[in-house]
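Engineer: Need coordinates for the below:
(chains A, B, C and D)
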There are 2 protein chains.
Amino acid sequence: MNGPRPNVSLRQLQAFLALAEQRSFTRAAALSHLSQPAFSALISQLEGALGLRLFDRSTRHVEPTPEGIEFERSARRVLAELDAALSGVSDQLARRRGRVSIALLPSLAAGWLPEILHDYRAAYPGVEIEVADVLSEPCVDLVRRGQADFALAAVRADTEELQAEPFCRDDFHLVCPAGHPLLALAEVRPRDVAAWPFVHMARNSSVRQYLDSALHPLKMKTLMEVDQLATVMGMVRAGLGVSMIPALTLFHFAQPGLVTRRLAWAGLERHIYLVRRRERSLSLAAQSLYERVKAQPPATSMRPRRVRRTGRALS
Amino acid sequence: MNGPRPNVSLRQLQAFLALAEQRSFTRAAALSHLSQPAFSALISQLEGALGLRLFDRSTRHVEPTPEGIEFERSARRVLAELDAALSGVSDQLARRRGRVSIALLPSLAAGWLPEILHDYRAAYPGVEIEVADVLSEPCVDLVRRGQADFALAAVRADTEELQAEPFCRDDFHLVCPAGHPLLALAEVRPRDVAAWPFVHMARNSSVRQYLDSALHPLKMKTLMEVDQLATVMGMVRAGLGVSMIPALTLFHFAQPGLVTRRLAWAGLERHIYLVRRRERSLSLAAQSLYERVKAQPPATSMRPRRVRRTGRALS
DNA sequence: CGATCTTACGGGATTCGTAAACATA
DNA sequence: TATGTTTACGAATCCCGTAAGATCG
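Structural biologist: The predicted structure follows:
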């Protein structure tokens, strides 16, 4: 029924509102940082575009017409939405708002991530954080499906759509009950461990996969397979067997009656990768966390990580 | 905290949405009736203004960043509000929407206005109509206070802020019970009427004011003063007295047992004016009614106005 | 090599500010 | 007459389209 959408501009709307408030071309032009004739032209253009007189004006008086009064509400809403959009962008730029989703191995999630997130949240309290503490395969899947921004996993998931870069290395430790004969050896070799009942992780765990490939021809005395490292700890502490676990999981085994010992066997080292989608930029919030993660990999030394005592709960 | 409001334009937002939908600069540029480089520049400007990359793009793939996805919602809201504003203007221009408030004498409101409004509403069914059927003084007050767009009143309210132009004239009629001696006279003169008990309207009514000034030196035999013409009718029909009423109110007296007779006395004529505010444009809806009102003043002849029988109720 | 986005650049339209004209209380 | 809006006009700016360059599949 009506013609093509009139070509109004935001500057015209801003000029309109300024005039509606000031009721004076001169004052409104000054507030708009425009010469008065230029300002007058904006109003004129707007009226022309709408096909509607918006102000009754004489040299002495400026006043909105009934349609002008109604249009003022509309214009205000338009500019309010624009402001909301711009401040939304501004919030995201300042990381006052946003969302980041990280997928990572349970060991990293429990032992290393909290301190990272503590600092991150202190810096950007408005950002929503989602943590998926799952095994390597699900980690990579989450990234592939776009449900996690990036992941820390023990597989080199370098495909067409995924990019993986080395993040850290994780050496293995022997864990056995205090007083176990293995601890008496000057050097523990694979064949020494193979002589004792061994508590394994499930085959889909990265710990197990690394162990299997590193010890390949060697036949282990598998006592059982469990899913949780905490269960491994319990079994070993009860004297049922021994196990080998990565350094990053040592916190599970800081228990009375347990002893751990670093194993410097060639090739027995878990590699953890930082995985993200190729050709796909991270959200600003994710970018910030990504950089912090990259800058603070877990300590690889033997001493336990410093634990922040002043920290508050994250959620 | 953040710098000056970024200078984004509506064209940039439209280009952004086109690209977000099409995911191709070439297609989006074509839909926007722009050359591809010009379109590319718009996107580039928008990203520059926001300080934010909105699309991940290679020569083969265009995809919004996380921030781009979020900004799409915002941009859509901005343009939706703009569309609402523009279609609101369009509705008002087409009189599909709007509001008009008319103040006018009760006699005009009952006898003449309905037919006008019937046609008006048939033409512009979306316009809200408000009718204030009050005496002349309140009519003018409503216009002065901006609560009515214009008025039909019996006072020439030509002031600094109000403009009054003649609308119609209204001659007076004698009304008396059938068989009354006055009806036997060949010509009824003022002194003849003054001999009989007279039913007056209240002093603040225009009918009374016109009568008083036209008959000035003459002493009437005032029987009573009432506020409503219907009451005058009842009193006269009951034989309590006679009265004189303007032609526009004759419909009140089309009752069995009553006779009316036109009086052609010099100076006895009610003038009705069309009153509006000076220097203040009417709303489009009001303008349309104003023009119809002006074009169809009440019939001044003696015959009753044609009554539309096919009309439906107005509200 | 073909399709697609970006950069470079000249021409044209838009918009600005100054100055003069116009209108109203 | 003084204040304030509109009109006139030259100059600077912005924006568009064509053409060449760069990049990825």
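
Engineer: if I look at A:Ser243, how far off is DNA strand C?
Structural biologist: According to CB to the nearest atom of the strand, to the nearest Å, A:Ser243 and DNA strand C sit 54 Å apart. In this view, the C-beta of every residue, glycine as well, is placed from N, C-alpha and C.

Engineer: Surely that residue is in a strand?
Structural biologist: Yes: A:Ser243: assigned to a strand according to DSSP: H, G, I helix; E, B strand; the rest coil.

Engineer: quick one, what contacts it?
Structural biologist: With contact set as CB atoms under 8 Å, 6 or more residues apart in numbering or on different chains, A:Ser243 has these partners: A:174-176, A:198-200, A:232, A:235-236.

Engineer: what would the residues you listed look like in a markdown table with pLDDT, distance to DNA strand C and neighbour count?
Structural biologist: Output for those, formatted as a markdown table (pLDDT from 0 to 100; distance: CB to the nearest atom of the strand, whole Å; neighbours: other CB atoms under 10 Å in any protein chain shown):
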| residue | pLDDT | distance to DNA strand C | neighbour count |
| --- | --- | --- | --- |
| A:Leu174 | 97 | 55 | 21 |
| A:Val175 | 97 | 54 | 26 |
| A:Cys176 | 97 | 60 | 24 |
| A:Phe198 | 97 | 55 | 20 |
| A:Val199 | 97 | 55 | 23 |
| A:His200 | 97 | 51 | 20 |
| A:Val232 | 97 | 52 | 26 |
| A:Met235 | 96 | 58 | 18 |
| A:Val236 | 97 | 57 | 27 |
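
Engineer: Closest one of these to B:Leu52?
Structural biologist: Using CB to CB, A:Val232 is the member of these that lies nearest B:Leu52, at 47.0 Å.

Engineer: and the closest one, what are its phi and psi?
Structural biologist: In terms of degrees, to the nearest 10, the main-chain angles of A:Val232 are phi -60, psi -50.

Engineer: quick one: which of the contacts of A:Ser243 is nearest A:Ala186?
Structural biologist: Once CB to CB is applied, the member of the contacts of A:Ser243 that ends up nearest A:Ala186 is A:Leu174, at 13.6 Å.

Engineer: Please identify the buried residues of the helix or strand hosting the closest one?
Structural biologist: Assigned by DSSP states H and E, A:Leu174 belongs to strand A:162-177. Going by neighbour count (16 or more other CB atoms under 10 Å in any protein chain shown), the buried part of strand A:162-177 is A:162-164, A:167-168, A:170-177.

Engineer: How about A:Ala18, nearest residue that isn't a chain neighbour?
Structural biologist: A:Ala28 (4.0 Å; CB to CB, 6 or more residues apart in numbering or on different chains).

Engineer: Chain B contacts on the stretch 1-150 of chain A?
Structural biologist: Within the stretch 1-150 of chain A, the positions adjacent to chain B are A:1-2, A:5-6, A:8-10, A:50-53, A:56, A:58, A:61, A:63, A:65-67, A:70-71, A:74-75, A:77-78, A:80-86, A:88-90, A:92-94 by CB under 8 Å from any CB of the partner chain.

Engineer: Now for the residue nearest the centre of chain A: which residues touch it?
Structural biologist: Compute the mean C-alpha point of chain A, and by CA atoms, centre = their mean the closest residue is A:Val100, 3.4 Å away. By CB under 8 Å, 6+ apart, A:Val100 lies in contact with A:127-130, A:149, A:283, A:285-286, A:288-289.

Engineer: same thing with A:Glu81?
Structural biologist: B:74, B:77-78, B:80-81.

Engineer: returning to that earlier point: the residue nearest to the centre of chain A: what secondary structure?
Structural biologist: State at A:Val100, reduced to three classes by three-state DSSP: strand.

Engineer: For A:Ser293, which three-state class applies?
Structural biologist: No, residue A:293 isn't Ser; it's Val. Assignment for A:Val293 (three-state DSSP): helix.

Engineer: ok, it to B:His61 distance?
Structural biologist: 27 Å (CB to CB, to the nearest Å).

Engineer: the more surrounded of these two?
Structural biologist: Using other CB atoms under 10 Å in any protein chain shown, the more surrounded residue of A:Val293 and B:His61 is A:Val293, with 21 against 12.

Engineer: Per-residue confidence, that one, what does it come out as?
Structural biologist: The per-residue pLDDT reported for A:Val293 equals 97.

Engineer: Just confirm A:Glu225 is within a helix.
Structural biologist: No: counting by three-state DSSP, A:Glu225 falls outside a helix, being strand.

Engineer: ok, which stretches of the stretch 51-200 of chain A are helices?
Structural biologist: Counting by DSSP state H, counting those that start in this stretch, one finds helices in the stretch 51-200 of chain A at the ranges A:66-93, A:106-111, A:113-123, A:136-144, A:190-194.

Engineer: What residues sit buried inside the longest one?
Structural biologist: Within helix A:66-93, the residues scored as buried using 16+ other CB under 10 Å are A:66-68, A:70-72, A:74-79, A:81-82, A:85-86, A:88-93.

Engineer: For A:Leu211, list the residues it contacts.
Structural biologist: Per CB under 8 Å, 6+ apart, neighbours of A:Leu211: A:172, A:200-201, A:244, A:268.

Engineer: Repeat that for A:Pro246.
Structural biologist: A:107, A:170-173, A:207, A:210, A:270.

Engineer: Bridge partners for it, pull those for me.
Structural biologist: Per DSSP bridges, residues listed as beta-bridge partners of A:Pro246: A:Phe172.

Engineer: Report the separation between it and A:Asp170.
Structural biologist: A:Pro246 is 4 Å from A:Asp170, by CB to CB.

Engineer: Mind listing the shared neighbours of the two?
Structural biologist: A:Arg270.

Engineer: one step back: check the residues of the stretch 1-150 of chain A next to chain B against DNA strand C, which are close?
Structural biologist: A:9, A:58, A:61 (CB under 7 Å from any atom of the strand).
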